[in-house]
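**Student:** Dropping a prediction and its sequence here:
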Amino acid sequence: MANQDYVSRTPAKNKKKPRNGKRAAKNANVLTLKTKLASLILVILIGAFSYGLWSLKTDPSTKTPLVESVKTVPAQKAINKRTALPELPKEKWTYVKNLASKEIEVGEYKVVEKGPYKMQCGSFRTQKQAETLKARIAFTGLEAQVKSVTGKSGLWHKVFLGPYPRKRLAEKDKHKLKRNNINYCQIWLWR
């Protein structure tokens with residue numbers, strides 16, 4: 001079998017066939033009639049516009065210029081208007097005058113620190129669990145303490161950080177712990 005060259009061959013043209021099998025009628029006469037009618041209307045409009053311009057040019061009433069009398073102002077009145085300034089309008093607002101005479105009251109305020117804060121991160125039954133959490137906190141760069149407390153339900157080992165002089169410092173460390181997946185830390189007043 002011989003190789004065929006499809007590149008040099010021109011593609012076949014698609015012939016559109018009507019759906020019902022009949023050929024479409026050409027509307028050549030209608031298009032030419034519409035074109036003739038539009039061009040006739042255009043010629044009539046151009047002619048009417050030209051005639052209107054010509055009639056305005058040749059009409060004698062449009063040739064005479066309009067003249068109006070100019071009123072002269074006496075020289076003395078003009079000079080008085082230039083030198084005399086109008087009176088200043090009365091101000092509607094009085095805040096400018098009030099600001100000049102305003103006195104500011106200065107109060108003395110005392111900032112009271114509530115006290116040192118501590119942050120507790122866990123409370124466990126066994127010492128081993130508390131030491132594990134303390135080690136995880138040490139990996140974040142913070143130092144935690146473990147305190148054993150006897151409560152109503154037995155011995156508890158609490159892991160806490162602190163003391164912090166301000167609550168904002170404790171919150172800063174709390175966010176650092178959260179970024180390292182150590183959650184559920186609570187900030188309390190040191191008691």
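**Tutor:** Perfect, thanks for sending it.
**Student:** Show me which helix runs longest in the chain.
**Tutor:** Determined from DSSP state H, the single longest helix within the chain is helix 28-58.
**Student:** Can you name the next helix or strand after the worst-scoring helix or strand of the chain on mean pLDDT?
**Tutor:** In the chain, no helix or strand scores lower on mean pLDDT, DSSP states H and E than helix 75-83, which sits at a mean of 63. For helix 75-83, the following helix or strand on the C-terminal side (DSSP states H and E) is helix 95-101.
**Student:** I'd like the average pLDDT over that following helix.
**Tutor:** The average pLDDT within helix 95-101 is 82.
**Student:** Same check on stretch 159-170?
**Tutor:** On average, stretch 159-170 scores 93.
**Student:** What residues sit buried inside that stretch?
**Tutor:** Judged by neighbour count (16 or more other C-beta atoms under 10 Å), stretch 159-170 contains these buried residues: Val159, Phe160, Leu161, Gly162, Tyr164, Lys167, Ala170. Placement of C-beta: from N, CA and C, glycine included.
**Student:** if I look at the fifth one, how far off is Leu142?
**Tutor:** Relative to Leu142, Tyr164 is positioned 11 Å away (criterion: C-beta to C-beta, to the nearest Å).
**Student:** Who's the closest spatial neighbour of Ala170, skipping the chain neighbours?
**Tutor:** Of all residues not flanking Ala170 in the chain, Tyr164 sits nearest, at 4.1 Å (C-beta to C-beta, 6 or more residues apart in numbering).
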